[in-house]
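[1] Predicted structure and sequence below. I'll ask about it afterward.
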Amino acid sequence: MKQKVNLVRVSCLVIFLGVSFAVESSSTLPPTPAPWPEQFHALLYMNLSTTRLQLSDLWYDWPKGRNVNIFQKQLTGMLYDIEWNNGTSFYYTIGPNAKCWIADFEVGIPRPNFLDGAVYLGTRVIDGFLCNLWQKEDFIWYYEDVVTKRPVRWDFYDGIQSHVMTFEVGAVLPDLVTQAPAYCFTHGQVLDKDKYPLGNHLRHKMWPT
């Protein structure tokens with residue numbers, strides 16, 4: 001009887017140590033960034049490395065393979081940026097003297113989990129929010145609210161900062177808005193991406209790897 005009691009005690013001790021080790025191990029693992037929702041709309045306030053400002057109406061739509069940025073430049077015009085998962089991007093203006101540029105990039109739009117493999121750098125207070133911070137390949141620094149897991153800000157390697165003002169999960173831009181105008185296909189200028197320096201705004205995509 002005494003031997004059975006001792007055996008039970010040993011078994012309980014082993015289970016307790018195993019649970020304690022598992023809890024301790026899980027608590028020491030760094031947090032990982034939440035994947036992007038497959039569809040969302042965000043309003044971004046952007047501080048460019050040129051010291052100018054712009055607003056970006058961002059519409060991310062992974063199921064339809066597109067990423068739309070509608071840039072309002074500071075005290076100037078508006079630029080439409082329609083990016084497709086086949087690597088094609090259209091940049092155009094509307095109205096009098098409208099212009100269009102077409103670029104064929106090597107990759108499509110960012111995957112929802114494009115931050116997989118990012119290095120965790122700890123917590124920071126950014127724009128008044130306590131955030132977790134990750135760095136991905138010396139290209140992007142990504143701040144996410146500790147409580148809500150929503151993105152608060154991301155910075156590119158050359159100093160451009162994007163501050164997230166609104167974030168609407170599930171919002172979808174109508175297909176009609178995402179269609180490049182006819183003059184892109186008749187008078188659009190094809191850009192050679194290799195002729196543009198990395199600092200050019202056309203290169204500011206979160207490239208999937």
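    Now that the structure is in, tell me what you want to look at. Residues are numbered from 1 along each chain as shown.
[2] what residues are up against Ala98?
    92, 181, 183 (CB atoms under 8 Å, 6 or more residues apart in numbering). All C-beta spots, glycine's among them, are computed from the backbone N, C-alpha and C.
[3] By neighbour count, which of the residues you listed wins?
    Tyr92 (19 neighbours; other CB atoms under 10 Å).
[4] Could you find the closest non-adjacent residue to that one?
    Excluding its sequence neighbours, the residue lying closest to Tyr92 (CB to CB, 6 or more residues apart in numbering) is Cys100, at 3.9 Å.
[5] can you pull the contacts of Pro37?
    Pro37 touches 60, 112, 169-170, counting by CB under 8 Å, 6+ apart.
[6] mind checking how far it is from Pro112?
    7 Å (CB to CB, to the nearest Å).
[7] So which bits of the one helix or strand Phe90 maps to are buried?
    Applying DSSP states H and E as the criterion places Phe90 in strand 88-92. Under the neighbour-count criterion of 16 or more other CB atoms under 10 Å, strand 88-92 has 89-92 buried.
[8] Adding pLDDT as columns, could you present those in CSV?
    Shown next, in CSV, are the buried residues of strand 88-92 (pLDDT from 0 to 100):
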residue, pLDDT
Ser89, 94
Phe90, 95
Tyr91, 95
Tyr92, 95
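[9] could those go into a markdown table alongside distance to His41?
    Listed next are these as a markdown table, based on distance: CB to CB, whole Å:
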| residue | distance to His41 |
| --- | --- |
| Ser89 | 19 |
| Phe90 | 19 |
| Tyr91 | 20 |
| Tyr92 | 20 |
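[10] confidence score at Leu191?
    For Leu191, the pLDDT comes out at 83.
[11] Next, work out how far apart it and Asp104 are.
    8 Å.
[12] what's the neighbour count on Val119?
    11.
[13] unless I'm mixing things up, it is touching Leu133, no?
    No. With contact defined as CB atoms under 8 Å, Val119 does not count as touching Leu133 (9.5 Å).
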